[in-house]
Each structure stands twice: as structure tokens, then as C-alpha cells.
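Chemist: Okay, sequence plus prediction incoming.
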Amino acid sequence: MSVNEKMTAIADNIRDKTGGTEILTLDEMANGINEVYEAGKRKEWSDFWDAYQNYGQRDNYRYGFYFFYSSTDPEHFWTDENFKPKYDIKPNNIAEHMFDACGFTDLKGILEKQGVVLDTSSATNLQYAFANCTYLTRVPVIDVSKSKNANVIQYLFQFCNSLEYVEKLIIPSTVDTSFFSVFNGCYKLKEVRIEGVIATSISFTGTKYLSVESMKSVISCLKNYAGTTKEHTYTVTFKAVVFEALEALGETPPSGNTWAEHIDNLKWNLTLS
């Protein structure tokens, strides 16, 4: 085989791997080696996520990205470097422990960069979905508004001790959703917006950074139990220091002269930790 034939064969192989059709000079062939490498990486990523997400048809995400975590083996399989889903993540029905113990940080940013969304609107169980994600800082909208399961979000963000931002948590208006341990251990939480009706006790006892807008969002969703048999059955808990910041605004809440009075008028207990 002549030198020219060998060069043609090299160029053909580069074009085969990169999908190109143009004639390549010797300099372009050198650059083409890097293109072949990158094309291989893209194909490996694409093939993996095609299989893992069943070409976008996967809907069972129960333990979908879960990775066993222990204090003696604290490594995480899913990280910012390798969590790059190709398709929307749309769990149908049970999706408990979906991201449990994942090691990525900004889930909202990752999904936006990948051009995909997390759609939980068909999930009936998201218990422990983000539990033990100790590096997680931001999550996108979590929508469970269609769920008829009152325990759908129990332990949702338990021990997410780096979590700062929850874009929105949309809960049902027709089910008394349990908030048991939803924010337990979320010591750095600053921003959370809630949509729907909060009908059972909710606690932010460990969260000393919670913004006043977040507190107003929570309080605005408290079910009004005035005149019912459930007066003062449930409790909303904030850190004293952040609630003081809310009261210091001097705003007039929907009822009462202070936010504490407004909560009492809704017949909720207010606990400041």
C-alpha cells in the first residue's frame, strides 16, 4: 500500500468515526484524532443513557439512581461529572429512593445544561427520593399534586445538609400530605416555595438560614382550621432567629397584627426552636 493509499485509509477511518465527508489535509488528520476521541466519548455517553433510560421510555425510577452509602465507604457513584441524562426523567407511580445518596451538587443546573427535565407529576411515592444527598445544593420543581398518597414525600430531603434551594414543592390540595422528616437535616436551606395546602405539621427546626419569603410561602399554604375539630392540632416550626426576621419586616399578614397572630388565627401551633 502506497503512502497516499495509507493516508486515504486514515482519512476514511476518521470520517467514519466522526461522520464527516470533507477531504482532510495532513494537518486536519492530526486534529481529526482528537475529534475521533471526542466522538467516541459522545457515543459511549449516548449508548449508556439509551440503555439506562430505555431511549426515553423508562418510567420506573424506584431506586433509579440510588447508590449504597455507608460511613466506611462514603464514595458516590453519581457525581457532577457522570450524571448527564440524555432524556427527561419522568417517574410513573413509585419512585422512592430515586436519587438516594447521589453525589452530585446542583441538580437543577445539571438538568438545564443537559436540556432535560425532572417531571414527578405522575409519581405516587417519592419517599427518600433525595435522602442522604449530602452534596446536593439545588433542586428543580418537585410536583406531587396529583398524588393521592398522603405519605408521598416523607423523608424527601432528609439529611441533605448542603441543600440551599428548592425551586418549588407542589403538593395536593385534596390530601393531607405528611411532611414527616421532609426537611430533617437541611441545615443550610435558604429558599423553598410551596404550592398547595399544608394540612399537617411541618418543621424547619434545623434551618437558621431560611428566608422570609420562604416562610411567607409556607405560612400562606397552612390550612385554615378555625372553627373545626382540628384547631391547634398541628404545628409549624421555625428557628427563632429567622422568624424574628420575618416579624421585624413590619408587614401586616392576612389576619392579625403579627405573623404569630396570623398563624394562631389559622388555629395552628407555632413553635420557635
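Modeler: Done, it's in. In this text the structure is predicted, and so the values were computed from the model without any measurement.

Chemist: make it CA atoms for all contacts and neighbour counts henceforth
Modeler: Fine.

Chemist: Please, where are all the helices along the protein?
Modeler: Using DSSP state H, the helices of the chain run over 3-18, 26-52, 107-114, 212-220, 240-248, 259-265.

Chemist: Compare the mean pLDDT across those and name the weakest.
Modeler: Among these, helix 3-18 carries the lowest mean pLDDT, a mean of 52.

Chemist: Which residue ranges of this structure form strands?
Modeler: 93-94, 123-125, 138-139, 142-143, 165-170, 191-195, 202-203, 235-238, 269-272 (DSSP state E).

Chemist: okay if I get these as TSV plus distance to Leu222, mean pLDDT and mean neighbour count?
Modeler: Listed next are those as TSV, based on distance: least, CA to CA, whole Å; pLDDT from 0 to 100; neighbours: other CA atoms under 10 Å:
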stretch	distance to Leu222	mean pLDDT	mean neighbour count
strand 93-94	27	90	18
strand 123-125	22	94	25
strand 138-139	23	98	22
strand 142-143	18	98	20
strand 165-170	13	98	18
strand 191-195	10	98	20
strand 202-203	10	98	20
strand 235-238	9	98	20
strand 269-272	11	98	16
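
Chemist: Reformat those as CSV; add distance to Phe159.
Modeler: Converted to CSV, these look like this (distance: least, CA to CA, whole Å):
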stretch, distance to Phe159
strand 93-94, 21
strand 123-125, 18
strand 138-139, 14
strand 142-143, 18
strand 165-170, 14
strand 191-195, 16
strand 202-203, 14
strand 235-238, 17
strand 269-272, 21
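
Chemist: With respect to Trp45, which of these lies nearest?
Modeler: Nearest to Trp45, of all the strands of the chain, is strand 138-139, at 23.3 Å by CA to CA.

Chemist: for that closest one, the distance to its chain's centre please.
Modeler: Relative to the centre of its chain, strand 138-139 is centred 5 Å away, using CA atoms, centre = their mean, to the nearest Å.

Chemist: and for that strand, what are the contacting residues?
Modeler: Contacts to strand 138-139, defined as CA atoms under 8 Å, 6 or more residues apart in numbering, come from residues 105-109, 163-167.

Chemist: Among those, the buried ones, what's the PyMOL command?
Modeler: Typed into PyMOL, the line below selects the buried ones among these, using 16 or more other CA atoms under 10 Å:
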select buried, resi 105+106+107+108+163+164+165+166+167
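
Chemist: which among the contacts of strand 138-139 gets closest to Phe48?
Modeler: Nearest to Phe48, judged by CA to CA, of those is Leu107 at 19.6 Å.

Chemist: isn't the closest one right next to Ile142, touching?
Modeler: No: applying CA atoms under 8 Å, one finds Leu107 not in contact with Ile142, separated by 11.9 Å.

Chemist: Need the nearest residue in space to Ile142, chain neighbours excluded.
Modeler: Closest residue to Ile142 apart from its sequence neighbours, by CA to CA, 6 or more residues apart in numbering: Leu169 at 5.0 Å.

Chemist: Please report the distance of the one you found from Val117.
Modeler: Leu169 sits at a distance of 15 Å from Val117 (criterion: CA to CA, to the nearest Å).
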